[in-house]
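> Got a sequence here, can you model it:
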Amino acid sequence: RGWCRWRTMVALSVMAVVPEPLFLNNTVNIDTGCVFGGGLTALRYPEREIVSVKAHRTYYEPARPFLPEGTEPQRLLQHAQDDVLDLADVVGKRLIDTRLKPKITIREENAIAALEVMSRFASDPKWLIYLPPTMSPTETSKHENLLEHPDEAFAFYRKEGISNVVCEQKHMGSRAVVVLCKGETVSQKRFGVVQASIGTVYTRTGRRFFTDDELERQFLIRLQVAVSTAGLWDELETDWLCLDCELMPWSAKAQELLQKQYAPVGNAGVRALKAENDILVRAMERVPGLEALTTHTTARLNAVEHYTHAYQQYCWPVSSLGDLKLAPFHVLASEGAVHTDKPHTWHMEMIGRLCAADAEILLATPFLLVSIEDEQSSANAVAWWTDMTSRGGEGMVVKPLNFIAEGRRGVTQPAIKCRGPEYLRIIYGPEYLLHENLERLRARNVGAKRSLASREFALGVEALERFVRKEPLRLTHECVFGVLALESEPVDPRL
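Below you'll find the model as predicted:
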C-alpha cells in the first residue's frame, strides 16, 4: 500500500498478529504473537536480520487461531503486492541512486521504450533481478591493419592505476542470465513466481531465451545437478544462484538475424563479385589497363568470403540438449551475498568446478592473469589473443582483477572487449579492412559507450544488492528497468 512504500526501513508491532515476520515494501510486522504461543521477534537493523524466540507456552488463547495449519503458504504477501506494477514507478524522467554511481538519469523517452519491451516481450518479471551491462571496446588501435588490439586495453587500465587484470576468452554466443533454484518451492518463497519452477534463462534484454518449455526445463535440471555435484549449494549456503553466461551456438538465438541479414549479404556478395571477377579476367584479354580494378575486385571477393566464414563458424544445428554449450563467467549472487566483492579469479575457480561437473553442456572459460606492468606478462597475453583470433576466436575481455575496481575518478570500466580482425567483419562489414574503410573507422569514439557501460554496471550491481537485501521488487526493478531504458540511448551499436 502507499503508506508503506517508504525508502527507509520501518519496523512495526501492530494489532495484526502474524505467524511469521511479514515484510511489505519497506515495512516489517514483527508482532508474531508471543502471548498467543507464537514467538518473540526482533529486527536487527541495518542488517535486516530477524531474531525470533519461540514462546514456551500459550499464555492467552487468541479469539481466532493465527498459527498456520498444514502446509505453509509458499508466496508471501510482499510477492502478491509485487504482482501489480505501479506505472508511476517506471514512467517519466527518473534519477536512480546507486552505491557505485549517484543519481543516474533515465530520460522519459527511454523509459517509454523500455516499458514497451518489458510489457510485451519480457520474461516473468519476478525472475528479472539483473540485466547485464553493455561493454566498451578498446580505443582504436595504433597497429597497422587492426582496429582493436590488447595494447590499448592494457594502456587504459595502466593509466587508471591498475596493475593486474584478468583476460578471458570471449565466446561468440548470446548473453544469457541464468537464475537457478535448488528446488521448485524456492521459486515461490524467494522469487514469488506463481507457477513453481527451478529457474529460468533470459537474454540481456530480459526476454526468455528458450521458447521450448521442456528444453528449458531439461537444461535447468542439468545445471541444477552440476551445481549439486560441484558442492556450490553448500559452500555458498544458498538455495538459489544467479549466473552471468554466454549461451552457444550464436545461431540458437540469432537464427532470424542470420537468415535475413548476414547470409543474404554473404551469398549475394560472393555471387556478384565472382561474376564480376570472371568478366574482368576475360576482359583483360582484350582491354588493357584493367589490372588495378581486377586486383581490387579480387580483394573484395576475398573479404566477403572471409566474412561468410566468420559467421558460419559460430553456427551449428541444435536438435537436442547436448548441442547447447553454456559458458558461465560470473557467479553474480546467491542467498545473502552479491559476489562482486570477490576477484575475477574466484569467479573463474568457481565456474571451473561447476563446468567440470558437466563438461557436455558446460564450457569453462579460458583465462590469463596478467601483470600489465610486466612487459613479458603483457606480451604473453597479446600472443594468446593473436593465436586465439587467428584460429577464428572472437577475441578476449580484459577485466581488472577486482570485480569493482577504483580508477583515477572512482569506479573504472568493469571490462573492455578486444575483438579479433576476422570477427569484426561481422560487425563492420566484409570490406572494413580495406585501407580506405579502415582509415575512416579509426575516427570512432568510445567515450559515450564507456559512459553507458559504467552507468549500466552500477545499476546492475545495485539491482542485485537490493534483491539480496530483500527490498521490495519494485526497487530492484527500478534498476533493472533503468538498464533496459539506457539501451535506447543513441550510441553506435557496432562498438
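
> which residue ranges form the helices in the stretch 251-400 of the chain?
Under the criterion DSSP state H, counting those that start in this stretch, the stretch 251-400 of the chain carries helices at the ranges 251-257, 263-283, 291-312, 344-356, 375-390.

> Compare those helices and say which comes out lowest on pLDDT.
Across the helices of the stretch 251-400 of the chain, helix 251-257 has the smallest mean pLDDT, namely a mean of 73.

> distance between the ends of stretch 82-96?
Distance across stretch 82-96, first residue to last, is 20 Å (CA to CA, to the nearest Å).

> next one: it to chain centre, how far?
Using CA atoms, centre = their mean, to the nearest Å, the mean C-alpha position of stretch 82-96 is found 22 Å from that of the whole chain.

> again, but for stretch 455-471
Between the centre of stretch 455-471 and the centre of its host chain there is 13 Å, according to CA atoms, centre = their mean.

> quick one: average pLDDT of that stretch?
Computed over stretch 455-471, the average pLDDT equals 95.

> Residues contacting stretch 258-267, please?
Counting contacts by CB atoms under 8 Å, 6 or more residues apart in numbering, the residues outside stretch 258-267 that touch it are 251, 304, 307-308, 311, 315, 426, 430. C-beta: built from backbone N, CA, C; applies to glycine.

> CA atoms of stretch 388-407 as PDB?
Extracted as PDB, the C-alpha positions of stretch 388-407 are listed here (Å, rounded to 0.1, in the frame of the first residue of the first chain):
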ATOM      1  CA  MET A 388      43.100 -17.300 -30.500                       C
ATOM      2  CA  THR A 389      41.800 -14.800 -33.100                       C
ATOM      3  CA  SER A 390      43.900 -16.300 -35.900                       C
ATOM      4  CA  ARG A 391      42.100 -19.600 -35.300                       C
ATOM      5  CA  GLY A 392      38.700 -18.000 -35.600                       C
ATOM      6  CA  GLY A 393      38.100 -17.000 -32.000                       C
ATOM      7  CA  GLU A 394      36.100 -13.800 -31.300                       C
ATOM      8  CA  GLY A 395      38.700 -12.200 -29.000                       C
ATOM      9  CA  MET A 396      39.000 -11.600 -25.300                       C
ATOM     10  CA  VAL A 397      37.700  -9.500 -22.500                       C
ATOM     11  CA  VAL A 398      40.100  -7.600 -20.200                       C
ATOM     12  CA  LYS A 399      38.900  -7.000 -16.700                       C
ATOM     13  CA  PRO A 400      40.500  -5.600 -13.600                       C
ATOM     14  CA  LEU A 401      41.400  -8.300 -11.100                       C
ATOM     15  CA  ASN A 402      38.800  -6.900  -8.700                       C
ATOM     16  CA  PHE A 403      35.200  -7.100  -9.800                       C
ATOM     17  CA  ILE A 404      34.700  -3.500  -8.700                       C
ATOM     18  CA  ALA A 405      37.900  -1.600  -9.300                       C
ATOM     19  CA  GLU A 406      38.700   2.000  -8.300                       C
ATOM     20  CA  GLY A 407      40.400   4.100 -11.000                       C
END
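
> So for that stretch, what gets flagged as buried?
Within stretch 388-407, the residues that qualify as buried by neighbour count (16 or more other CB atoms under 10 Å) are 388-389, 393-405.

> tally of neighbours for the closest residue to residue 196 other than its chain neighbours?
Leaving aside its chain neighbours, residue 196 sits nearest to residue 184 (4.1 Å; criterion: CB to CB, 6 or more residues apart in numbering). Other residues within reach of residue 184 by the criterion other CB atoms under 10 Å amount to 15.

> likewise the one 4 residues further on?
Counted with other CB under 10 Å, residues neighbouring residue 188 total 20.

> Also the one 3 residues further on?
Other residues within reach of residue 191, judged by other CB under 10 Å, total 24.

> Would you verify that it is located in a strand?
No. Secondary structure assignment (DSSP: H, G, I helix; E, B strand; the rest coil) places residue 191 in coil, not in a strand.

> so it sits right up against residue 128, yeah?
No. In this structure, residue 191 is not within contact of residue 128 by CB atoms under 8 Å, at 9.8 Å.

> thinking again about what came up before, so which of the buried residues of stretch 388-407 is the closest to residue 98?
residue 404 (11.7 Å; CB to CB).

> now that closest one, what's its secondary structure?
The assignment at residue 404 comes out as coil when based on three-state DSSP.

> how deep is the nearest residue to it once chain neighbours are set aside tucked in, by neighbour count?
Closest residue to residue 404 apart from its sequence neighbours, by CB to CB, 6+ apart: residue 340 at 5.4 Å. Applying the criterion other CB under 10 Å, we find 19 residues in the vicinity of residue 340.

> CA atoms only: put stretch 140-153 into CSV for me.
The C-alpha atoms that make up stretch 140-153 are tabulated as CSV, following Å, rounded to 0.1, in the frame of the first residue of the first chain:
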residue,chain,number,x,y,z
THR,A,140,41.2,2.5,-31.8
SER,A,141,44.5,0.6,-32.2
LYS,A,142,47.7,2.2,-33.4
HIS,A,143,48.7,-1.1,-35.1
GLU,A,144,48.5,-1.2,-38.8
ASN,A,145,45.6,-3.2,-40.3
LEU,A,146,43.9,-3.6,-36.9
LEU,A,147,41.0,-1.7,-35.4
GLU,A,148,41.4,-3.3,-31.9
HIS,A,149,44.4,-4.7,-30.0
PRO,A,150,45.1,-5.7,-26.4
ASP,A,151,47.8,-3.0,-26.0
GLU,A,152,45.1,-0.3,-25.9
ALA,A,153,43.1,-2.1,-23.2
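
> which outside residues touch that stretch?
Residues outside stretch 140-153 that contact it (CB under 8 Å, 6+ apart): 137-139, 165, 167, 378, 381-382, 385, 395-396, 398, 416-421, 424, 428, 432-433, 438, 441-444.

> buried subset of those?
Neighbour counting with 16+ other CB under 10 Å marks 137-139, 165, 167, 378, 381-382, 385, 395-396, 398, 416-421, 424, 428, 432-433, 438 as buried within these.

> Alpha carbons of whatever helix or strand residue 437 lives in, as CSV, please.
When secondary structure is defined by DSSP states H and E, residue 437 falls within helix 435-441. The C-alpha atoms that make up helix 435-441 are tabulated as CSV, following Å, rounded to 0.1, in the frame of the first residue of the first chain:
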residue,chain,number,x,y,z
HIS,A,435,42.5,0.6,-46.5
GLU,A,436,40.0,3.4,-47.3
ASN,A,437,37.4,1.9,-45.0
LEU,A,438,39.8,1.2,-42.1
GLU,A,439,41.1,4.7,-42.1
ARG,A,440,37.6,6.1,-41.8
LEU,A,441,36.7,3.8,-39.0
